[in-house]
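J.: Take a look and give me a structure for this.
(2 chains)
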Amino acid sequence: GENVEQHPSTLSVQEGDSAVIKCTYSDSASNYFPWYKQELGKGPQLIIDIRSNVGEKKDQRIAVTLNKTAKHFSLHITETQPEDSAVYFCGGTSYDKVIFGPGTSLSVIP
Amino acid sequence: GAVVSQHPSRVICKSGTSVKIECRSLDFQATTMFWYRQFPKKSLMLMATSNEGSKATYEQGVEKDKFLINHASLTLSTLTVTSAHPEDSSFYICSAIGDRSTYEQYFGPGTRLTVT
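T.: Predicted coordinates:
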């Protein structure tokens, strides 16, 4: 089955700087990689996703890159703002389920 | 679009009682719904997958007689925690998929269960 690892577990950046979170996965058949943002006491919110036939996807300040050969993908947040502070989860797929990484707690310091 | 609601948002119950949590897809039909449990500062632990009109599929280690799941319609799934104990206290979150081939899950806001 799929195993998803995520690094770093915690990340602090100054407001305006960029943040990068990296994930690796084990199942070469995995073909869908979502990123979720979870604020304290709330459910996760899908912020961006990428499929295996695409190498990069961008949505305003958020981008995701995928390297299928190396089996890793990354979330890039540019011009970070305090409201970006949250826990971010990456996911990989196993059969018909999404398997989530352990999460990264991002703090953006004003 | 793609809004999922959960009710209640918080519930406190006494040990030994049962609690029902509802998950609804508000603006789409959910062929599949998932139930997760989340411990403080931890990731999402998948408990079970439920498909409309069929029995839920439980993950290894999850007691199906304790966590009863019903997916009676394309917009509603319920999780009942039976004979709750303090160790069942947790944050329970559901998610829903409209088209399972896309894998795109939309999560509810979660339910905080406290068993005293």
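J.: Please make it C-alpha for all contacts and neighbour counts, starting now.
T.: OK.
J.: show me what contacts the closest residue to chain A within chain B?
T.: Per Cα to the nearest Cα, residue B:109 is where chain B lies closest to chain A, at 4.1 Å. Applying Cα atoms under 8 Å, 6 or more residues apart in numbering or on different chains, one finds that residue B:109 lies in contact with A:42-44, B:4-6, B:9, B:93.
J.: Could you tell me which of those residues are located in strands?
T.: With strands taken from DSSP state E, the overlap with the contacts of residue B:109 comprises B:4-6, B:93.
J.: Identify the bridge partners of residue B:20.
T.: Beta-bridge partners of residue B:20, counted by DSSP bridges, are residue B:80.
J.: So it sits against residue B:84, correct?
T.: No - counting by Cα atoms under 8 Å, residue B:84 is not a contact partner of residue B:20; they are 10.8 Å apart.
J.: Quick check: which helices or strands does the helix or strand of chain A with the lowest mean pLDDT pack against?
T.: Counting by mean pLDDT, DSSP states H and E, the weakest-scoring helix or strand in chain A turns out to be strand A:97-100, with a mean of 89. Applying 3 or more Cα pairs under 8 Å, 6 or more residues apart in numbering or on different chains; DSSP states H and E, one finds that strand A:97-100 contacts strand A:86-94.
J.: how about the strands in the chain?
T.: Just going to use chain A. A:4-7, A:10-14, A:19-25, A:32-38, A:45-51, A:56-59, A:62-67, A:72-77, A:86-94, A:97-100, A:104-109.
J.: actually it's chain B I care about, not the one you picked
T.: Using DSSP E, strands in chain B cover B:4-7, B:10-13, B:19-25, B:32-38, B:44-51, B:57-58, B:67-73, B:76-81, B:90-97, B:106-107, B:111-115.
J.: Just send the ones you listed back as JSON lines, with mean pLDDT and mean neighbour count too.
T.: Compiled in JSON lines, the strands of chain B are given as follows (pLDDT from 0 to 100; neighbours: other Cα atoms under 10 Å in any protein chain shown):
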{"stretch": "strand B:4-7", "mean pLDDT": "96", "mean neighbour count": "22"}
{"stretch": "strand B:10-13", "mean pLDDT": "97", "mean neighbour count": "14"}
{"stretch": "strand B:19-25", "mean pLDDT": "97", "mean neighbour count": "22"}
{"stretch": "strand B:32-38", "mean pLDDT": "95", "mean neighbour count": "22"}
{"stretch": "strand B:44-51", "mean pLDDT": "92", "mean neighbour count": "21"}
{"stretch": "strand B:57-58", "mean pLDDT": "94", "mean neighbour count": "17"}
{"stretch": "strand B:67-73", "mean pLDDT": "91", "mean neighbour count": "19"}
{"stretch": "strand B:76-81", "mean pLDDT": "96", "mean neighbour count": "21"}
{"stretch": "strand B:90-97", "mean pLDDT": "96", "mean neighbour count": "26"}
{"stretch": "strand B:106-107", "mean pLDDT": "94", "mean neighbour count": "26"}
{"stretch": "strand B:111-115", "mean pLDDT": "97", "mean neighbour count": "20"}
